[in-house]
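A.B. asks: Next input, structure requested:
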Amino acid sequence: MRVVVLTTWYPSAQRPGETPFIARHVRAIARHHDVSVLHVQILRTGACTREQWEGIPVVRLPLHPLRPATVLRAYRWIGRSLAEAHVMHTMPFSAALIALLSVRRRPWVHTEHWNGVLTPEQNGRLWRRLAWSRRILRLPDRTTGVSSVMCEVLRRFAPASRVERIGNVVEHAPSVTEPPRGRTLELVSVGALRALKDPLLAVEAVAWLRAAGHDVRLTWCGAGELEQDVRARIREHGLEDRVLLVGSVGTEEVQRRLGAADVFLLPSRSETFCVAAAEALAAGRPVVMGAVGGQRDFVHPGNGRLVAERTPEAFGRAVLEVAYGHGLLSAQEMAEEVRGVYGAERVAADLDRLYRSVVPPQDAGRCRA
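C.D. replies: Numbers count the residues shown, from 1 in each chain. Next up is the predicted model:
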């Protein structure tokens, strides 16, 4: 089938690490279908451009509401692209808003990744007042959420029969190694340095572990607006050699850091899915996280801890439980479990099945298998 992905999030040369999970979804689609991407760049101006991103045709469409020419140009391009498509697939919510003027009775699949749909209260006063607009999610022929908790919310706005869970694609190294279990307990975190991920609590958990007599070190992969606050908290506790901020790093470096760690720690306040945690499990590393969000689909007592009490001691004790306790799966078992559900092959097959359920039989018969 010819699938057009309409998205407002996509990696680019300027931001190569932006929302990689969208690009992974697209690569999964490409396993069975001819796919192209329309990347609508909201609040941007300039010319529309074509390129290849990781082998996928991508058109960048600047669209600024105050510049009517950019709006008309973007919608003309969207219309021409959809005229030749069997399926339009939008992600995330902002792309669904744009699609309202573009559907033209084309089979429409929507995938929701945005935590604003899940938890409007955590996304600013303006969105809290506009969250009623989530009702438009009743319009796609099928809507998928990347986690059970997201699907629960989606079913408040769309018919339950049209909503299903298809998780994010989890990338991983080909082999799995056992945790190093050296003299120093090595922790790793992967996520933006922002309030939702609560890196300050991670620093406090390391301070509690040190005060309790444990030799521990945390490496945090990711950047964000809280970096200076985090560095100040590190200095406050004298942890300059115990908490390392390495900034944003690529997939290969993340996998290397996971392989060198004993435990993945991320005290998020909530998560829509948390690809980083799933990738840690795919590397065979137990996970310690906050208890709210989509990670509940794949974190359980056999591979980690979900911590409801948001204190340094609670997270510190959970780290010790998964590092030195009993009853956890082996590294290989953790990896096989999460790869079987969120590997690219599984997600590709689920999306193929979904497309075939919305495309009329007479069209599906002419589509490439």
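
A.B. asks: for the chain, what spans make up the strands?
C.D. replies: For the chain, the strands defined by DSSP state E cover 2-7, 34-42, 49-53, 56-63, 87-91, 108-112, 142-145, 163-165, 185-190, 216-221, 243-247, 263-266, 287-290, 304-307.

A.B. asks: Tell me the buried residues in the third one?
C.D. replies: Of the residues in strand 49-53, residue 53 count as buried by neighbour count, 16 or more other Cβ atoms under 10 Å. C-beta: built from backbone N, CA, C; applies to glycine.

A.B. asks: I'd assumed residue 8 was in contact with residue 40.
C.D. replies: Yes - checked against Cβ atoms under 8 Å, the pair residue 40 and residue 8 is within contact range at 5.1 Å.

A.B. asks: that older thread, out of the strands of the chain, nearest to residue 339?
C.D. replies: strand 287-290 (14.7 Å; Cβ to Cβ).

A.B. asks: what about this structure, any weak spots by pLDDT?
C.D. replies: Within the chain, the stretches with pLDDT under 70 are 103-104, 362-369.

A.B. asks: quick one, helices of the stretch 201-350 of the chain?
C.D. replies: 227-236, 251-259, 275-282, 312-324, 331-342, 344-358 (DSSP state H, counting those that start in this stretch).

A.B. asks: which of the residues in the longest one are buried?
C.D. replies: By neighbour count, with 16+ other Cβ under 10 Å as the criterion, the buried positions of helix 344-358 are 344, 346-348, 350-352, 354-356, 358.

A.B. asks: quick revisit: dump the strands of the chain into TSV; add distance to residue 21 as well.
C.D. replies: Output for the strands of the chain, formatted as TSV (distance: least, Cβ to Cβ, whole Å):
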stretch	distance to residue 21
strand 2-7	11
strand 34-42	14
strand 49-53	14
strand 56-63	15
strand 87-91	9
strand 108-112	10
strand 142-145	13
strand 163-165	15
strand 185-190	13
strand 216-221	16
strand 243-247	20
strand 263-266	16
strand 287-290	17
strand 304-307	20
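
A.B. asks: which one of those lies closest to residue 209?
C.D. replies: strand 216-221 (4.6 Å).

A.B. asks: Adjacent strands (with direction) for that closest one?
C.D. replies: strand 185-190 (parallel), strand 243-247 (parallel) (DSSP bridges).

A.B. asks: Give me the contact list for the shortest one.
C.D. replies: Contact partners of strand 243-247, identified using Cβ atoms under 8 Å, 6 or more residues apart in numbering, comprise 193, 202-203, 206, 217-223, 227, 230-231, 234, 257.

A.B. asks: on that earlier part again, so which of the strands of the chain gets nearest residue 279?
C.D. replies: strand 185-190 (7.5 Å).

A.B. asks: Could you give me the buried positions within the closest one?
C.D. replies: Quick answer for strand 185-190 (16+ other Cβ under 10 Å): 185-190.

A.B. asks: which one of those residues is nearest residue 318?
C.D. replies: Closest to residue 318, out of all of the buried residues of strand 185-190 and judged by Cβ to Cβ, is residue 187, at 11.4 Å.

A.B. asks: what bridges to that closest one?
C.D. replies: With DSSP bridges as the rule, residue 187 is bridged to residue 218, residue 263.

A.B. asks: That one is in contact with residue 219, isn't it?
C.D. replies: Yes - counting by Cβ under 8 Å, residue 219 is a contact partner of residue 187 at 7.2 Å.

A.B. asks: if we can go back for a sec, ranking the helices of the stretch 201-350 of the chain by mean neighbour count, which comes first?
C.D. replies: helix 275-282 (a mean of 27; mean count of other Cβ atoms under 10 Å).

A.B. asks: Mind giving me the packing neighbours of that one?
C.D. replies: strand 185-190, helix 251-259, strand 263-266, strand 287-290, helix 331-342 (3 or more Cβ pairs under 8 Å, 6 or more residues apart in numbering; DSSP states H and E).

A.B. asks: Please tell me how far that helix is from the chain's geometric centre.
C.D. replies: Chain-centre distance of helix 275-282: 10 Å, with Cα atoms, centre = their mean, to the nearest Å.

A.B. asks: Just want the angle from that helix to strand 216-221.
C.D. replies: 130 degrees (axes from the mean of the first three to the mean of the last three Cα atoms, to 10 degrees).

A.B. asks: what's helix 275-282 in contact with?
C.D. replies: Counting by Cβ under 8 Å, 6+ apart, 20-21, 167-168, 170-172, 188, 190-191, 254-255, 258, 261, 264, 266, 271, 286-287, 289, 295, 298-299, 303-304, 334-335, 337-339, 342 sit against helix 275-282.

A.B. asks: Can you give the domain ranges for this protein?
C.D. replies: 2-169+344-364, 185-342 (automatic domain parsing).

A.B. asks: can you redo these as TSV with distance to residue 176?
C.D. replies: Listed next are the domains of the chain as TSV, based on distance: least, Cβ to Cβ, whole Å:
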stretch	distance to residue 176
domain 2-169+344-364	17
domain 185-342	4
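
A.B. asks: Deepest in the core, which of these is it.
C.D. replies: By mean count of other Cβ under 10 Å, those have domain 185-342 as the most buried, with a mean of 20.

A.B. asks: For the strands paired with strand 216-221, give me JSON lines that also has distance to residue 15.
C.D. replies: As requested, the strands paired with strand 216-221 are exported to JSON lines (distance: least, Cβ to Cβ, whole Å):
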{"stretch": "strand 185-190", "distance to residue 15": "17"}
{"stretch": "strand 243-247", "distance to residue 15": "14"}
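
A.B. asks: picking that back up, right, so of the helices and strands packed on helix 275-282, which gets closest to residue 91?
C.D. replies: Short answer: helix 331-342, nearest of the helices and strands packed on helix 275-282 by Cβ to Cβ, at 16.4 Å.

A.B. asks: I appreciate the help and will end here.
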